[in-house]
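Asker: show me how the following folds:
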Amino acid sequence: MRKKIAIVMGGYSSEYPISIKSGNAVYNSLDRNHYEPYRVVIEPGKWVVLGENGQEYPVDRHDFSARPDGQHLHFDCVFNAIHGTPGEDGLLAAYFELLGIPFTSCGSYQAALTFNKRDLLSVLKPRGVHCATSYLLDRGQEIRPQEIFARVGLPCFVKANRAGSSFGVTLVKNPDGLDQALEAAFREDDEVLIESALKGTEVSVGVIRLGGEVKVLPITEIVPDNEFFDYEAKYLGKSQEITPARLDPRTRETVEKTARFIYETLKMKGFSRSEFILVEGVPHFLEMNTTPGLTEASILPQQAQAAGISLQELFGGAIGDALDKKP
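Answerer: Numbering: from 1, shown residues only. Model (predicted):
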């Protein structure tokens, strides 16, 4: 019997349109011989199952069921394609954990931790993972530019602490740019992370579970047309994404070991994509995405393709692993 799969997409953040594209990519790729997929769009105040012709059927949040065409629909598994809140910060994961419904992404604790850049760095640094020098700032806290620049230097990155797709990220080159950068970051979150700008090669590393085993995918080298891997570079084609990355064997092995170490240290499951800057061959960790982009043009699917893994196999494998771990 085919498994009924809810592909959740949308969300409450600026990443909503990107999530819709990812969700539709999963919906179009799943093998209909094994799965009966349904698109579930989650928005503030509205959770609905979409019919083939765009009809909307409300989701009963007490048990995550719906009644399309009069049938009482319960799902065997949830495929999480929501970037940002509530899909990537642990809220949905906790909800499905309470309901006992298998889902493809990492657990609620891991999602909450990895979505919070500041907390994640504080966990990884004591374990020997190299990171940029950082300064933490909360909304309402006194801003001390001299203290900030004395710690992180110039240029530096000002980032919204809990946001993805480079929303709320600014490269500050001189002191006059700090106020505007902070305004942009605080529009996305009330916590800000300010980091020294590392000079080196940027790489992205996908780590997944496939067939119950952890697999590090071919590394992608990021060569942005702009000054850093911003929204335009990620989604408007203003970058080169070279897979496999142009790394010597020793550096490649170091990056792969570091990405695997982080994934296993955090007791991850599902997909992850970690970003690093290579400074003289040493990977410096930037962040981890636990629901990365899933369209054919996205980095993780590109890496899977380079490893000989089709989208059908990639997405079906995630569902299979989730169902194997059903509570």
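Asker: only alpha carbons, please: show stretch 249-268 as CSV.
Answerer: Provided in CSV are the C-alpha atoms of stretch 249-268 (Å, rounded to 0.1, in the frame of the first residue of the first chain):
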residue,chain,number,x,y,z
PRO,A,249,42.7,15.8,-1.7
ARG,A,250,44.0,16.6,1.8
THR,A,251,41.8,19.7,2.1
ARG,A,252,38.8,17.8,0.7
GLU,A,253,39.3,15.1,3.3
THR,A,254,39.6,17.7,6.1
VAL,A,255,36.4,19.4,5.1
GLU,A,256,34.5,16.1,4.8
LYS,A,257,35.7,14.9,8.2
THR,A,258,34.7,18.2,9.8
ALA,A,259,31.2,18.2,8.2
ARG,A,260,30.6,14.6,9.3
PHE,A,261,32.0,15.3,12.8
ILE,A,262,29.5,18.2,13.2
TYR,A,263,26.6,16.1,11.9
GLU,A,264,27.3,13.2,14.2
THR,A,265,28.2,15.3,17.2
LEU,A,266,24.8,17.0,17.0
LYS,A,267,23.1,13.6,16.5
MET,A,268,21.5,14.9,13.4
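Asker: pull out the buried positions in it.
Answerer: Across stretch 249-268, burial judged by 16 or more other Cβ atoms under 10 Å covers 251-252, 254-256, 258-260, 262-263, 266, 268. Every residue, glycine included, has its C-beta placed from N, CA and C.
Asker: all helices for this structure, in order.
Answerer: Remark: helices assigned in the chain by DSSP state H are 16-29, 91-99, 108-115, 117-124, 145-152, 178-188, 231-235, 249-265, 299-306, 311-324.
Asker: from Leu137, how far off is Val214?
Answerer: 35 Å (Cβ to Cβ, to the nearest Å).
Asker: same thing with Glu97?
Answerer: 32 Å.
Asker: looking at those two, which is more packed in?
Answerer: Leu137 (20 against 16; other Cβ atoms under 10 Å).
Asker: quick one: contacts for the closest residue to the more buried one other than its chain neighbours?
Answerer: The shortest distance from Leu137 to any non-neighbouring residue, by Cβ to Cβ, 6 or more residues apart in numbering, is to Val192 (4.4 Å). Contact analysis of Val192 by Cβ atoms under 8 Å, 6 or more residues apart in numbering lists 136-139, 158-161, 182, 185-186.
Asker: now, these that are in strands?
Answerer: 136-138, 158-160 (DSSP state E).
Asker: okay, these in TSV with distance to Ala245 and pLDDT next?
Answerer: Listed next are the ones in strands among the contacts of Val192 as TSV, based on distance: Cβ to Cβ, whole Å; pLDDT from 0 to 100:
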residue	distance to Ala245	pLDDT
Leu136	31	94
Leu137	33	94
Asp138	36	95
Val158	27	94
Lys159	23	92
Ala160	27	90
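Asker: closest to Ala112 out of these?
Answerer: The shortest gap between Ala112 and any of these belongs to Ala160, at 16.0 Å (Cβ to Cβ).
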